[in-house]
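>>> predicted model follows, preceded by the sequence.
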Amino acid sequence: MRPFPFFSSIVFVASLSACDCNSNDACANFGTECGKTCVDNFSCSDGLYCDSESKCNADCSSDADCGDKTCSAHGQCVDGNGGSSSGGSTGNFLSTGGSGGNSGQGGDCPGVNVVFTPTTPTVLLLVDQSGSMTSDFSGGTRWNVLYSTLMDPTTGIVSSLQSQVRFAFSLFTGDGGANCPELTQVPPALDNFSAIDAVYAPAGPLGETPTGDSIMALLPGLIAYPEPGPKAIVLATDGEPDTCRQPNPQNGQGEAIAAAQTAYSMGVDLYIISVGNEVGAQHQQDMANAGTVKPLDGSQGNAPYYPATDQSALQAAFLQIIIRVRSCVLTLDGSVDPEHAGEGHIFVDGTEVFYQDPNGWQLDSPTQIELLGTACDAIQSGDHTVTGSFDCGIIGPPPT
């Protein structure tokens, strides 16, 4: 299985526009470095800046080249008080021509390199351990095929993605006794394959399906887990739910739906995968909507659910869900001035997406932006580059 592509680094740059005060003869001092293609000032050697044609350039090499102005560290002539000759600074980005607005602060702001940190989701795999998991499924039993889908050392979901997703794990069952629900848990962590396999491999199907009780019992620990990033439960089950209070008949739909709604209200999305064809379509849809804050009546559209009748569909379901869990909230190692956030420019694969546009981006906090709508969909679908530029003075050091 090809590893799922999570961002390793996403870079913001704030750069200065050219200050045209003398000639560009100063650039000759840098030999072959002058004229190299660049994406920002940091792509160029010291003393050079990235000009509007995405080439490394210099207007000056010393103050003597600038008359009554000063030569900046990037080889640009600036006012003695720090202001550029144009009275302000304007970000420029790659060859797209995107440029920031004037922040009005003036000054020769130094180049800023602001880097996103990776966003790592925490995913609880909640596996139905009920006796019906012994039923035939895709050339084996539901239990064995699900185990292989998750835990195969080469192609399994956990083995392939354990370095990119903090997997937690729990089997769930129960028979209505004092210990219901019966949960066999592994706490979340990166590289968690061995710990999960040590619990999962020797287990086998038994008991009933107290879905709602199990979700509610597991939620406090998942919510308390302190690592940043989105959290989700992926429920893999082969039947309608019952409850600890009444193990039979399978009348626990209301409790399971309420538990999914509670999870969402506490910041945990919930997704349901049907292993086989015995989970009713209506219950799957209700759980999907409840787990992602859609009205149960479908009045605001329906969330996807994932019926799987063979192993390939089962694997595809897990992958699609993990793609959806991938966060569109990106964390900066700098701090954006909220009053001037709209002067920033964000690009997905070189195409600008716009501030507070339903398919653009918003500032969630001074250190976090969130991609919205189709911009969010884009980065969840594979390898993509998110970059941007802000005017000088809009991005500063992270808060202490």
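Great, that's in hand.

>>> helix, strand or coil: sort out the residue most central in space within the chain for me.
What sits nearest the mean C-alpha location of the chain, by C-alpha atoms, centre = their mean, is Ser327, with 2.4 Å. Going by DSSP: H, G, I helix; E, B strand; the rest coil, the secondary structure assigned to Ser327 is coil.

>>> what residues are up against it?
By C-beta atoms under 8 Å, 6 or more residues apart in numbering, the contact set of Ser327 is Thr119, Pro121, Gly229, Pro230. C-betas here are computed from N, CA, C, even on glycine.

>>> any idea of the pLDDT on the third one?
So that's Gly229. As predicted, Gly229 sits at a pLDDT of 84.

>>> quick one, helices of this protein?
142-151, 157-161, 193-200, 211-224, 253-265, 281-291, 311-325, 373-380 (DSSP state H).

>>> could I get those helices as TSV with distance to Asp25 and mean pLDDT?
As requested, these are exported to TSV (distance: least, C-beta to C-beta, whole Å; pLDDT from 0 to 100):
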stretch	distance to Asp25	mean pLDDT
helix 142-151	65	98
helix 157-161	55	93
helix 193-200	61	98
helix 211-224	63	97
helix 253-265	63	96
helix 281-291	65	96
helix 311-325	53	90
helix 373-380	43	83
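
>>> circling back to that earlier point, between the contacts of Ser327, which has the most around it?
Highest neighbour count within the contacts of Ser327, by other C-beta atoms under 10 Å: Pro121, with 22 neighbours.

>>> surely that residue touches Gly229?
Yes - taking C-beta atoms under 8 Å as the definition, Pro121 is a contact partner of Gly229 at 5.2 Å.

>>> what do those two both touch?
Taking C-beta under 8 Å, 6+ apart as the contact rule, the neighbours common to Pro121 and Gly229 are Arg166, Ser327.

>>> any chance of the helices of the chain in CSV, with distance to Ser72 and mean neighbour count too?
Shown next, in CSV, are the helices of the chain (distance: least, C-beta to C-beta, whole Å; neighbours: other C-beta atoms under 10 Å):
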stretch, distance to Ser72, mean neighbour count
helix 142-151, 56, 22
helix 157-161, 46, 21
helix 193-200, 52, 16
helix 211-224, 49, 20
helix 253-265, 51, 20
helix 281-291, 53, 21
helix 311-325, 44, 18
helix 373-380, 34, 18
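
>>> what sits against the residue nearest to Leu126 when sequence neighbours are not counted?
Spatial nearest neighbour of Leu126, excluding adjacent residues (C-beta to C-beta, 6 or more residues apart in numbering): Leu235 at 4.8 Å. When contacts are counted by C-beta under 8 Å, 6+ apart, Leu235 touches Leu126, Asp128, Thr211, Ile215, Leu270, Tyr271, Ile272, Ile273, Met287.

>>> and which of those is nearest to Glu182?
Nearest to Glu182 among the contacts of Leu235: Asp128, at 12.0 Å, using C-beta to C-beta.

>>> kindly reformat the contacts of Leu235 as TSV containing distance to Gln311.
Converted to TSV, these look like this (distance: C-beta to C-beta, whole Å):
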residue	distance to Gln311
Leu126	19
Asp128	16
Thr211	23
Ile215	25
Leu270	23
Tyr271	18
Ile272	18
Ile273	12
Met287	22
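
>>> so which of those comes closest to Gly344?
Tyr271 (33.0 Å).

>>> as JSON lines, the helices of the chain with distance to Asn302 would be great.
Listed next are these as JSON lines, based on distance: least, C-beta to C-beta, whole Å:
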{"stretch": "helix 142-151", "distance to Asn302": "25"}
{"stretch": "helix 157-161", "distance to Asn302": "25"}
{"stretch": "helix 193-200", "distance to Asn302": "31"}
{"stretch": "helix 211-224", "distance to Asn302": "20"}
{"stretch": "helix 253-265", "distance to Asn302": "14"}
{"stretch": "helix 281-291", "distance to Asn302": "6"}
{"stretch": "helix 311-325", "distance to Asn302": "14"}
{"stretch": "helix 373-380", "distance to Asn302": "17"}
